[in-house]
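Undergrad: model the following, please.
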Amino acid sequence: MRRRSKASGEAAKTRRRTMVKRRNAAKTEIGRSSSTASQETKVAVLTRERDDALEQFSAASEVLKVISSSPGELQPVFQAMLENATRICEAKFGALFRFEGGVFRLAAEVGTPAEYAEFLKRRGPFQPIPGSQGDRVMRTKRVSHTADYAAEAAPGASAKLGGARSTVTVPMLRDDVLIGVIIIYRQEVRPFTDKQIELVQNFAAQAVIAIENTRLLNELRESLEQQTATANVLRIINSSPGELEPVFRTMLENATRLCEAEFGNLFLYDGEAFRTVALYQASQAYTEARERPFLACNLHPDVPLVRIVLSKSIIHIADVRTERAYIAGDPEFSKLVDVAGARTLLLVPLLKESQFVGAFAIYRKEVRQFADKQIELVKNFAAQAVIAIENTRLLKELRERTEEVVKLNQQLERRVVDQVGEIERMGRLRRFLPPQVADLIVASGTEKQLESHRREVTALFCDLRGFTGFSESSDPEDVMALLRDYHAAIGEIIIKYSGTLERYAGDGVMVVFNDPVPVDNPALQAVLLALEMRAAIGSLTEKWRRLGHDIGFGIGIAHGFATLGTIGFEGRFDYAAIGTVSNVASRLCDEAKPGQILISPRVLMAVEDAVTVEPVGEFALKGIRRPLAAYNVIATNREK
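TA: Modelled structure (predicted):
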């Protein structure tokens, strides 16, 4: 029994050792198999990543090839980008939108379901719905990734009509300004990976670069085209001096072509009528309708040509069919719409020293407004047209003046003789007429101002108190010396205040304001003159008083209508103001005490805000039916 047990134990130990060996061998085999599988997985991953990188590199190369083969053309570039982005990212369809003027415009689409594609075509430019992917990207300027667009609170048309589920919207940014978006869609719920989103972002960056390059290239082309057009116009101007028709025709042709318009015309305006001086690509019917001038007064007041005459500024109309003049049925404006087929209109005025002389008009047969650069281009052509008109006018005047040189030389001697006679005549007039009247006659070359006429004037009369007694008791030489001092003192002041010295009458002097030289507020001018005269004469009266002469100075001022003109005879004329206003001024002067300036009520009304006065009562003046209230001027308010 012991032997069996011992044999049995040995056998069991042998079996256990065999099982352990087998188990260890199995573990070793399993380890070897697991290591082999891991290595195979890594190889597969690396292979897939290599293939993805090669595919992305190939796609980028393809896009760059399209960009280089289509300089200045964005649509094929956008299409290539979108096709590659949709394919590599395993999306079902995609779209690229430009963002301009606050709206999105479809620029490219790939694999779009028919119903959604029809919707995009029918919708046209649009503003994103609040809360939509486009709205979020527009506000945040960041990528918007939606796992299931159809499950959102307000899914868009792409989900309803295109079956979009997982979507990603990537902004196209230039200097942090949104200029477009790329959107790719899956029709199953399967979010995009970070690498796929990064790929679309790379395409968006390439799209921005392509847009900028195209913009720069187009600007260069536009600049070259404009320079060429300008050079052509200048060449025509130089080759056709004095001829405006070929210049206008060349300008209009270039303006219409460069601004992508269908047709155009150029009008000149003479103050009453418009005349068509150039037409380009207009229909025969419209050309015939514009052959004859048409009056501005016969047009509807809302017609753009009438408005531009009044405003002298650019008129840009998106759709002329919405204009009131068209709706009202103006015949001339209806020809433009119904006969010529115009829809969008641009009118640019031709201005010569702020005067409207004509207009450039270019038209599109579709509703599509002109760009700012295009408007600026037409403005440049308009400025050139005005210069050409002015140059032609100057050339014509030069030719005419050249023809007149011989005639002028023949007339010169006669004119010199006539002018010498005129100077002599004016010299005589200056001796007897007030300086203002004589100067006015010399400047105008006519004596019409001397003819009798009626005007509202202010009359000032002044004289010396006690002069009669002084002249009776003094030597004539002393009397003349006093008068010379007196007249010299007041004469310069009269000229300073634009007064017309009507006459000297011994110590009496009459001054008229507002004729023949008009002045603002003649009553105030007269009062200011009187105050300065009183101050000037005050120093003289003090001097005379020390010499033993008790002489004062008084002034009267009235305002009203008078008849003015020359009186006298050949060889001796005076300029006189006849009427009650002269008499009132003289009578008030008589009533004035030494140093007083008496004014009438009408004068007071014109100066009461500027001077301080005191009432002195009413006077029964000779020749005046009713007593007249008078006021003494104390000082100007500035002197207080």
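
Undergrad: okay, and Ala488 sits in which element?
TA: Taking DSSP states H and E as the criterion, the element that holds Ala488 is helix 476-496.

Undergrad: buried residues in the very next helix or strand once past that helix?
TA: Moving toward the C-terminus from helix 476-496, the next helix or strand (DSSP H and E) is strand 500-505. Using 16 or more other Cβ atoms under 10 Å as the test for burial, strand 500-505 gives 500-502. No exception for glycine: its C-beta is placed from N, CA and C like everyone else's.

Undergrad: next one: stretch 566-583
TA: So, applying 16+ other Cβ under 10 Å, buried residues of stretch 566-583: 566, 573, 575-577, 579, 581-583.

Undergrad: could you do stretch 535-552 as well?
TA: Neighbour-count burial for stretch 535-552 [16+ other Cβ under 10 Å]: 536-537, 540-541, 544, 549, 551-552.

Undergrad: show me those residues that map onto strands.
TA: Mapping these onto strands (DSSP state E) picks out Gly552.

Undergrad: if you look at the buried residues of stretch 535-552, which of them are in helices?
TA: Secondary structure from DSSP state H places 536-537, 540-541, 544 of the buried residues of stretch 535-552 in helices.

Undergrad: out of the residues you listed, which is nearest to Gly102?
TA: Ala536 (74.6 Å; Cβ to Cβ).

Undergrad: distance check, the closest residue to the closest one other than its chain neighbours against Gly595.
TA: Nearest residue to Ala536, sequence neighbours excluded (Cβ to Cβ, 6 or more residues apart in numbering): Ala489, at 4.6 Å. Using Cβ to Cβ, to the nearest Å, Ala489 is found at 15 Å from Gly595.

Undergrad: so where's the stretch 451-600 of the chain uncertain?
TA: 570-573 (pLDDT under 70).

Undergrad: which residues of the chain score low on pLDDT?
TA: In the chain, residues with pLDDT under 70: 1-16, 18-20, 23, 25-72, 217-242, 405-406, 408-409, 416-450, 570-573, 639-640.

Undergrad: please parse it into its domains.
TA: Segmentation of the chain into domains, based on automatic domain parsing, reads 1-63, 70-218, 240-395, 437-639.

Undergrad: ok, which of those comes nearest Arg401?
TA: domain 240-395 (10.1 Å).

Undergrad: the stretch 201-350 of the chain: strands as residue ranges?
TA: With DSSP state E, counting those that start in this stretch, the ranges of strands along the stretch 201-350 of the chain come out as 263-269, 273-280, 294-295, 315-317, 344-352.

Undergrad: identify the farthest-apart pair in the buried residues of stretch 535-552.
TA: Pairwise over the buried residues of stretch 535-552, using Cβ to Cβ, the maximum falls at Ala536 and His549, 17.1 Å.

Undergrad: which stretches of the stretch 351-500 of the chain form helices?
TA: 372-432, 435-444, 467-473, 476-496 (DSSP state H, counting those that start in this stretch).

Undergrad: same check on the stretch 501-640 of the chain?
TA: Under DSSP H, counting those that start in this stretch, the stretch 501-640 of the chain gives helices at 522-546, 580-591, 601-607.

Undergrad: got the ones you listed as TSV, with distance to Ile88 columns?
TA: Putting the helices of the stretch 501-640 of the chain into TSV (distance: least, Cβ to Cβ, whole Å) gives the following:
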stretch	distance to Ile88
helix 522-546	90
helix 580-591	102
helix 601-607	92
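
Undergrad: those: which one's closest to Phe561?
TA: Closest among the helices of the stretch 501-640 of the chain, using Cβ to Cβ: helix 580-591, at 6.8 Å.
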